[in-house]
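In: predicted model follows, preceded by the sequence.
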Amino acid sequence: MTLRRKQTCPSDYTSKDTGPSIVYKYSMKCIIKNSIETGNVVLLLAMAPLSRVPCLDRSRSLAHLAKIGNAESPLTQDGIADSILLLIVQYSSSTTCDCSMASSRTRLLKELKSCSTQSHRDIGVVELLPDERNIFEWIGVLEGPVETPYQGGRFRVKFVIPPTYPMAPPQASFMTTIFHPNVHFKTGEICLDILKNAWSPAWTLLSVCQAIVALLHEPAADSPLNCDAGNLLRAGDMRAYNGMARMYTVEHAMR
């Protein structure tokens, strides 16, 4: 079966304003339309993995085409081409996400091995383990640093790891109620620069735990999530601050 020559994209599709993604999509649509005209759609789908679309699922694609063919109102070539192109783009995004999650899972397993084979009590981390059913959710148990109102307490911190980890930071929040200017009293959200704009892939969940312990030792009152705690520190009323922090530590972290 002879295929027609691939159509040439108009010059306006290759301008700097449109970007390469539009050029690629338009080129793919040209190929799809040519294949439809020659009855070569199945061949196109079969060869899609060789056309920078490695994630195309052939069986699901063919089932999708069957639905198009059985539609009461037949679609135009443009409509079919758009439908197939959308399918390709959706599968491409799905596979990219799958690859990212696989990379994240490998990294987390490496961190789990490190946490399991070494003790980290010297840096205030009693335990750091993933959920038995979901490696993207971890629980850390941190010891309150000495010479602070948190001394003797054990604080549970929950980590929710995104699929793009370690390129993106985990979400961390206290599960144990704590009185601290940089921890939201109700939600447990933690205000820490490395969990936001200062994040680096070099950081690990263990090093984040270490940074949280350091935050307990040296709270920052400039941008508080707990305004009551922040106001006490800014006012220099350390007696009231330490008293409140100690009360919640004894009540919630020393049971």
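Out: Done, it's in. Everything numeric in this text was worked out from a predicted model, so none of it was measured.
In: show me the domain layout of the protein.
Out: Residue ranges for the domains of the chain, per automatic domain parsing: 11-100, 119-253.
In: go through the ones you listed and find the least confident stretch.
Out: Per-stretch mean pLDDT for the domains of the chain is lowest at domain 11-100 (a mean of 50).
In: nearest residue to residue 211 other than its sequence neighbours?
Out: Among residues not flanking residue 211 along the chain, residue 194 sits closest, at 5.7 Å (C-beta to C-beta, 6 or more residues apart in numbering). Using the backbone N, CA and C atoms, a C-beta is placed for each residue, glycine as well.
In: dump the residue contacts of that neighbour.
Out: 169, 200, 203, 208, 211 (C-beta atoms under 8 Å, 6 or more residues apart in numbering).
In: okay, now residue 227: neighbour count?
Out: Residue 227 has 12 neighbouring residues, counting by other C-beta atoms under 10 Å.
In: look up phi and psi at it.
Out: When read as degrees, to the nearest 10, the backbone of residue 227 gives phi -60, psi -40.
In: how about residue 142?
Out: Backbone torsions of residue 142, given as degrees, to the nearest 10, read phi -110, psi 140.
In: can you tell me the closest non-neighbouring residue to it?
Out: That would be residue 155: by C-beta to C-beta, 6+ apart, it lies 4.9 Å from residue 142.
In: just the strands in the chain please.
Out: Under the criterion DSSP state E, strands of the chain are mapped to 125-131, 134-143, 154-160, 171-174.
In: mean neighbour count and distance to residue 189 for the ones you listed - can I get that in CSV?
Out: Shown next, in CSV, are the strands of the chain (neighbours: other C-beta atoms under 10 Å; distance: least, C-beta to C-beta, whole Å):
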stretch, mean neighbour count, distance to residue 189
strand 125-131, 17, 19
strand 134-143, 18, 15
strand 154-160, 20, 11
strand 171-174, 19, 5
